[in-house]
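> When you get a sec, could you give me coordinates for this:
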Amino acid sequence: MNEWRLRDTILVVFMVLVVGIMLLQMVQNDRLYDRVNKAIRLMESGRENGAASMPVPASTTQAAGEWLVPNADPGGTCIVCYTAQPATLNPLTYKDAYADYILNGPSGAGCVYESLLRRDPQSLELVGQLAESWQVSDDHLAFTFKLRPEVRWSDGRPLTADDVVFTYRLMKVPALDCQRTQVYYLDMDKVEALDPRTVRFHWTKKYFKAVEQSGGLPIIPKHLLDPDDLLEKDPDALARKVNSWVFEWNGAPPVGSGPFCLESWDRTANRVTLRRNDRYWGPKAMLERLVFRFITQDVAALQTLKQGGIDLMALSPEQWEKQTGDEAFNRSFLKRKYYRATAGYSYIGWNNRRAPFDDRRVRQAMSYLVPRELINEKIFYGLQKLQNGPFYMEGPQADPKLGQWPYDPAKARALLKEAGFADTKGNGILERNGKPFEFSLRLPAGAASSQKIAEVLQDELAKVGVRMKIEPYEWSVYIEKLDQRDFDACMLAWTAAIDDDPRQIWYSRSYLDRGSNHIGYENPEVDRLILAADEDFDPTTRNEKFRRIHDLIYEDQPYTFLFTGPSLLAQSRRLRNVNTSRIGLDFREWWIPRALQGS
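Residues are numbered from 1 along each chain as shown. Next up is the predicted model:
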């Protein structure tokens with residue numbers, strides 16, 4: 001009897017447990033069903049209201065405090081080499097790609113600062129970063145963004161709609177030295193905070209990139225830069241103050257919202273150090289520190305890499321082909337070659353507002369004297385592709401009917417003669433109005449490939465009677481000379497954007513206030529087409545306008561367009577998870593095995 005009762009008791013307990021588990025599963029299923037229905041209702045509501053509510057990238061849905069790469073070792077220091085030290089690390093006024101890579105990351109995924117939106121590295125679609133969703137009005141003139149509730153500054157304070165409003169209003173102040181950015185916001189009327197997590201942008205005209213521009217500026221902290229509301233009282237004074245912000249603000253390193261913080265900038269040692277932001281609102285970056293070393297000489301940089309002083313650097317074509325293929329190198333390093341949708345192009349820019357390059361015939365003649373195919377073969381080992389205009393050659397904005405500008409010294413001589421140049425003294429030097437044709441080409445110091453191109457051009461020009469002096473300058477000095485329009489000719493490169501808008505570089509107004517049109521190009525028809533394309537939401541007709549812009553710039557030859565090509569990298573084998581994407585690298589994902597973190 002006692003044995004039966006014990007067995008019965010065990011059976012009853014077992015049945016209770018089974019029923020309890022079933023009830024718990026039903027509750028969980030109900031909760032999941034409610035969440036799915038809620039998400040569907042939100043999506044349907046967005047569609048009914050004409051909203052564009054975009055999906056949140058999977059990587060940003062992880063909880064704060066979690067590591068971005070599961071089952072990988074956090075910690076360690078990675079050293080990246082760049083060929084020039086930025087002139088500034090001011091997130092609103094920087095002008096070079098090196099500052100952009102340090103502050104925002106090479107792929108724009110966020111490093112020290114973050115924006116409301118970013119590009120997905122694979123699909124290239126806009127996705128939320130600081131914003132969890134956004135809506136577009138039916139007339140395409142108002143854009144409303146909802147901030148993630150968890151976003152924080154690196155000092156622990158919440159990032160709010162007031163910070164977003166402050167950033168964009170400050171950027172619009174004419175006294176702020178950021179004309180390269182301001183040119184995209186000429187038609188943005190105002191930005192307002194609807195509540196601490198909601199911000200709305202108002203535009204006076206339709207603009208095909210208005211969503212991206214409204215969500216694309218790196219957000220800066222109002223409580224640090226403007227605690228006394230100077231933006232309301234004297235915006236020009238605040239702008240001048242921010243212009244002078246080089247690294248520290250009120251004696252402390254800058255505060256950002258990204259996965260890394262600026263720890264130090266040693267200008268003498270040519271080094272910037274970032275440390276991981278352990279207060280980051282999202283999944284934490286793997287590396288403890290990220291150090292950027294600036295070594296201008298290609299030879300010195302490669303030697304430092306081989307000695308273990310660098311973990312990752314860009315290789316020149318010569319280094320890629322000739323100096324990094326031996327067995328010893330391959331034991332310690334990987335070589336990586338990949339193509340970015342934002343690769344851009346290199347060019348020689350002619351000062352269109354300084355004689356003789358204010359004459360289109362002279363600019364065309366200069367382009368006829370650049371043997372680009374020979375340069376590609378001899379200097380770049382055939383790794384580059386020739387560029388003939390301002391757009392990605394294989395994209396829909398470029399005119400496929402245009403060929404490459406040829407190397408043709410005979411045509412160059414004819415054009416120079418037509419422009420009034422002649423060897424009047426019989427000494428082999430062209431003159432016009434008694435003045436010899438001579439000018440200087442300014443370029444960044446330490447760029448071996450640029451120096452070699454300049455030397456080739458110097459020889460070609462000498463053959464037709466033109467004297468050219470090559471003048472290399474340290475990067476910050478070089479950028480200042482471009483800003484001051486203090487050059488005859490310059491050599492540089494642009495990175496590109498997805499859905500590129502030529503306004504920054506080719507719109508005549510962009511010459512003013514140290515804008516990016518540093519050569520002073522002006523063509524009224526190009527201006528008209530740029531403004532017309534901005535309001536065209538049909539990609540087919542918009543690209544027709546861009547192709548016409550390509551045609552006009554091709555004929556004007558304000559630049560001699562040079563090359564576009566792949567990214568060539570050398571990477572230490574101790575560095576893991578260095579993924580390449582269509583828009584570049586993502587520092588946040590990199591990690592170093594614990595056993596190699598001290599090496």
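> alpha carbons only for contacts and neighbour counts from here, please
OK.
> for the chain, what are the low-confidence residue spans?
Residues of the chain meeting the criterion pLDDT under 70: 1-64, 247-252, 599.
> Let me see the domain layout of the chain.
Domain ranges of the chain: 43-341+566-599, 345-564, per automatic domain parsing.
> Lys306 touches Phe329, doesn't it?
Yes - because the distance of 7.4 Å satisfies CA atoms under 8 Å, Lys306 is recorded as touching Phe329.
> Same list, the domains of the chain, but as CSV with mean neighbour count please.
Shown next, in CSV, are the domains of the chain (neighbours: other CA atoms under 10 Å):
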stretch, mean neighbour count
domain 43-341+566-599, 19
domain 345-564, 19
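> For Val127, what are phi and psi?
Per-residue torsions, Val127: phi -130, psi 160 (degrees, to the nearest 10).
> which residues touch the nearest residue to His140 once chain neighbours are set aside?
The spatial neighbour of His140 that comes closest, neighbours along the chain excluded (CA to CA, 6 or more residues apart in numbering), is Lys206 at 6.1 Å. Neighbouring residues of Lys206 by CA atoms under 8 Å, 6 or more residues apart in numbering: 140-141, 534-535.
> If we only consider those, which is nearest to Ser316?
The closest of the contacts of Lys206 to Ser316 turns out to be Asp534 (CA to CA; 36.9 Å).
> residues touching the closest one, list them.
By CA under 8 Å, 6+ apart, the residues touching Asp534 are 206-209, 501, 542.
> same deal with Asn277?
By CA under 8 Å, 6+ apart, the residues touching Asn277 are 154, 258-261, 284-285.
> Okay, it and Pro106: tell me how far apart.
Asn277 sits 18 Å away from Pro106, going by CA to CA, to the nearest Å.
> Over to Ala496?
In terms of CA to CA, Ala496 sits 12 Å off from Pro106.
> would you turn the contacts of Asp534 into CSV with distance to Arg588 and secondary structure?
Listed next are the contacts of Asp534 as CSV, based on distance: CA to CA, whole Å; DSSP: H, G, I helix; E, B strand; the rest coil:
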residue, distance to Arg588, secondary structure
Lys206, 35, coil
Tyr207, 32, coil
Phe208, 31, coil
Lys209, 27, coil
Asp501, 29, coil
Arg542, 36, helix
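> Figure out the helix or strand that Asn427 lives in.
Assessed by DSSP states H and E, Asn427 sits outside every helix and strand.
> Out of the contacts of Lys206, which is nearest to Gln319?
Asp534 (41.8 Å).
> hmm, back to that, between which two of the contacts of Asn277 is the distance greatest?
Greatest spacing in the contacts of Asn277, by CA to CA: Ser154 and Ala285 (13.6 Å).
> What separation is there between the residue nearest to His140 and Asp139?
Counting by CA to CA, the gap from Lys206 to Asp139 is 8 Å.
> Where do the strands of the stretch 51-200 of the chain begin and end?
Taking DSSP state E, counting those that start in this stretch as the test, the strands found in the stretch 51-200 of the chain are 77-82, 117-119, 126-128, 131-136, 142-147, 188-195, 198-203.
> For Glu525, which of the ones you listed is the nearest?
Glu525 sits nearest to strand 188-195 of all those, at 23.6 Å, using CA to CA.
> I'd assumed Lys335 was in contact with Arg573.
No - using CA under 8 Å, Arg573 makes no contact with Lys335, being 9.9 Å away.
> could you show me where the helices are in the stretch 401-550 of the chain, in order?
Using DSSP state H, counting those that start in this stretch, the helices of the stretch 401-550 of the chain run over 409-418, 448-464, 475-483, 503-506, 524-534, 539-556.
> try the stretch 201-350 of the chain
Using DSSP H, counting those that start in this stretch, the helices of the stretch 201-350 of the chain run over 210-215, 222-225, 230-233, 235-243, 298-306, 317-318, 327-332.
> how about these, which one is nearest Asp177?
Comparing the helices of the stretch 201-350 of the chain by CA to CA, helix 235-243 comes nearest, at 6.3 Å.
> Does anything pack onto the closest one? Which helices or strands?
Packing partners of helix 235-243 (3 or more CA pairs under 8 Å, 6 or more residues apart in numbering; DSSP states H and E): helix 230-233.
> Show me what the helix it packs on is packed up against.
helix 235-243.
> Show residues contacting the helix it packs on.
Here helix 235-243 makes contact (CA under 8 Å, 6+ apart) with 90, 93, 170, 173-177, 225-226, 230-231.
> Out of these, the closest to Phe487 would be?
Using CA to CA, Asp177 comes nearest to Phe487 of the contacts of helix 235-243, at 20.4 Å.
> Look up the closest residue to that closest one, ignoring the ones flanking it.
In space, Asp177 is closest to Thr93, 5.7 Å off (CA to CA, 6+ apart).
> list the contacts for the one you found?
176-178, 243.
> repeat for Tyr511
Contacts here follow CA under 8 Å, 6+ apart; on that basis Tyr511 touches 517-521.
> Apply 6 Å and report the result again.
517-518, 520 (CA atoms under 6 Å, 6 or more residues apart in numbering).
> quick revisit: I'd like the contacts of Asp534 laid out as CSV, including distance to Trp265.
Formatted as CSV, the contacts of Asp534 follow (distance: CA to CA, whole Å):
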residue, distance to Trp265
Lys206, 41
Tyr207, 38
Phe208, 38
Lys209, 34
Asp501, 33
Arg542, 43
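> how about these, which pair is most distant?
Taking CA to CA, the two most distant members of these are Lys206 and Asp501; they sit 14.0 Å apart.
> separation between Tyr98 and Ala84?
Relative to Ala84, Tyr98 is positioned 7 Å away (CA to CA).
> Check Gln297 too.
Relative to Ala84, and taking CA to CA, Gln297 is found at 9 Å.
> again, but for Ile479
To Ala84, Ile479 is 11 Å away according to CA to CA.
> Now Asn577. Nearest residue, chain neighbours left out?
In space, and not counting its chain neighbours, Asn577 is closest to Trp590: 5.2 Å by CA to CA, 6+ apart.
> ok, the one you found touching Asn579?
No - counting by CA atoms under 6 Å, Asn579 is not a contact partner of Trp590; they are 8.3 Å apart.
> Give me the phi and psi angles of the residue nearest to Val69 when sequence neighbours are not counted.
Spatial nearest neighbour of Val69, excluding adjacent residues (CA to CA, 6+ apart): Glu589 at 6.5 Å. Backbone torsions for Glu589, taken as degrees, to the nearest 10, come to phi -80, psi -20.
> Quick check: the gap between the closest residue to Gln484 other than its chain neighbours and Asn543.
Ranked by CA to CA, 6+ apart and with sequence neighbours excluded, the top spatial neighbour of Gln484 is Arg514, at 6.9 Å. To Asn543, Arg514 is 28 Å away according to CA to CA.
> thinking again about what came up before, so which of the helices of the stretch 401-550 of the chain is nearest Val362?
Comparing the helices of the stretch 401-550 of the chain against Val362 with CA to CA, the closest turns out to be helix 409-418 (6.0 Å).
> Give me the contacts around the closest one.
Helix 409-418 is contacted from outside by 361, 365, 368-369, using CA under 6 Å, 6+ apart.
> quick one: it to helix 448-464, angle?
For helix 409-418 against helix 448-464, the angle between stretch directions is 60 degrees (axes from the mean of the first three to the mean of the last three CA atoms, to 10 degrees).
> ok so, going back, show me whatever sits in contact with both of Ala496 and Pro106.
Contacts common to Ala496 and Pro106, judged by CA under 6 Å, 6+ apart, are absent.
> how about Arg360, phi and psi?
phi -60, psi -30.
> make that Ile592, sorry
Main-chain torsions, Ile592, degrees, to the nearest 10: phi -130, psi 130.
> follow-up on the earlier one: hang on, the residue nearest to Gln484 packs against Lys481?
No - using CA under 6 Å, Arg514 makes no contact with Lys481, being 10.2 Å away.
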